[in-house]
Structure formats: structure tokens, C-alpha cells
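> from the sequence below, what's the structure:
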Amino acid sequence: MPNRLDTIKSQIAKHGGIAPNNRFNVIFTPPTVSLLNLNPTNLLGNIINNSFSWKSLISDPRDISILCKNASFPSRSLNTAEYQAQRESKKYITGKSDGDINMVFYITNDMYMKTMFDSWMNHIFNTRDYRANYKRGDGGYCTDVRIQQVNKQGQPVYGVKLVNAYPTQVGEMSLDNTATDGIHEITVGWSYDYYEPENALTSSIGAIGDTLGGLFT
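Predicted coordinates:
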């Protein structure tokens, strides 16, 4: 009779092994105003500091996944209320709540991710005239965000689509002249309407569409 450890190993192997948390993709296409890096001041600065590249004029959605250090699948909880049933209280479902999430991105010398999120946040809420933009429609600030778990071959095995997602917080970037080997990162907080779980096929097809849409916007 197999012992408990052998049984556990057999069950894990039957399901393809334990899923690693360091194999994932994050795929989204920002609004056009954030996708095109045509700010004259930024372009001139990149030329002066020798960080200019023609490829940096249009943000490639594939770069976003590479520069994402960590992300998470969102939580979901059911909202309940109580009612008195005879001699005891019982709960019933009133709705659901999807949790906001954070992502951490590496910052390159051309400040690619920082300037993109700065533009996106300003598109959401213009601090000069103190007005919020429209959430959806032409010129809206929402986009769908896909988070994928991938296997060792880089193929998606599970995914989640955040519908009508947008950044609500871009964290600070600390500067320290005593640091010797520190690197810049930013934490971005997201809100969205709801999320949809996706299987491997649906997530793969959707990701291809998102990437192509971003490249040819």
C-alpha cells in the first residue's frame, strides 16, 4: 500500500506538477494617448542623454509583460446579509466584490513605464483643468488587462481578464545617493469593473488580439 507521500506525489504529477508563481504574462494596450510617446520634451531629453530609440516612439505591449516584476490574480468574495430564521440567524448572498490589485514594474533608463503611466493618469484626470475624462468610448481611459499563468514552455494554462481596467495609483520612486546597486521600480494600483476567468485557449486568443491591436493602433 503506497504511503501518503507517494500518493501526494502521484496526484501532483497527474495534474502536471505544482504551478510556479514566477511564470506569468501581463498583457494590455494603454489608451492611444499613452501608447504614443510623442512628448517633445521627453523626446529631446532622450536624445540628449543618448537613450533615444525609434522603437520607443510607440509602446509595444510585449515590453509591458517583460517589465512586469510581479502581479497577482484578483480576489473575489461574496457579500452576505443575515436574516432571522426561527431561532437562529442565517446568511444569504447579496452580491460579490472583486478586489483591486497591484503590479510592480521595472523602470528602464528611458523611463518608459513611468512616462506611460504618467500620461495615462493625466488622461484619466487632467490636473490642469481639474476634470475627469470619460471612462469608455472613443478617447476613454479604460482597457482590458490579461494576467496569465504560463507553463515551462511559456504557454498559458489559465488566465484572468480585468474588464475596463485603469490605474488608480502610481507609487513613489525613491532616490538614495547612498545606494550602490539599487534599481527603480514602481507599484501601480488598478481598479476595474469585474474580472472573467479564462481557459488556456480563450486567454491565448485574447492575448494575441490585444498584442496585435496595440502594435497597429
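> quick one, helices of the protein?
4-14, 32-35, 40-48, 61-67, 112-124, 200-215 (DSSP state H).
> quick one: which of those helices is nearest Val157?
helix 200-215 (5.2 Å; C-beta to C-beta). No exception for glycine: its C-beta is placed from N, CA and C like everyone else's.
> average pLDDT for that closest one?
Averaged across helix 200-215, the pLDDT comes to 74.
> related to what we said a few turns ago, which stretch in the helices of the chain has the least confidence?
Averaging pLDDT over each of the helices of the chain puts helix 40-48 lowest, since it has a mean of 56.
> hang on, the earlier thing: out of the helices of the chain, which is closest to Ser75?
helix 200-215 (18.9 Å).
> show me what contacts Leu67?
Phe105, Tyr106, Thr108, Tyr112, Met113 (C-beta atoms under 8 Å, 6 or more residues apart in numbering).
> one more time with 7 Å
Phe105, Tyr106, Met113 (C-beta atoms under 7 Å, 6 or more residues apart in numbering).
> drop anything exposed from the residues you listed.
For these, a burial check counting by 16 or more other C-beta atoms under 10 Å picks out Phe105, Met113.
> by mean pLDDT, flag the weakest helix or strand of the chain.
One helix or strand of the chain scores below all others by mean pLDDT, DSSP states H and E: helix 40-48, with a mean of 56.
> show me what the top strand by length along the chain is packed against.
When the chain is scanned for its longest strand (criterion: DSSP state E), the result is strand 156-170. For strand 156-170, the packing partners by 3 or more C-beta pairs under 7 Å, 6 or more residues apart in numbering; DSSP states H and E come out as helix 112-124, strand 143-150, strand 185-191, strand 194-198, helix 200-215.
> ramachandran angles for Ser107?
One correction, residue 107 is Ile, not Ser. phi -110, psi 120 (degrees, to the nearest 10).
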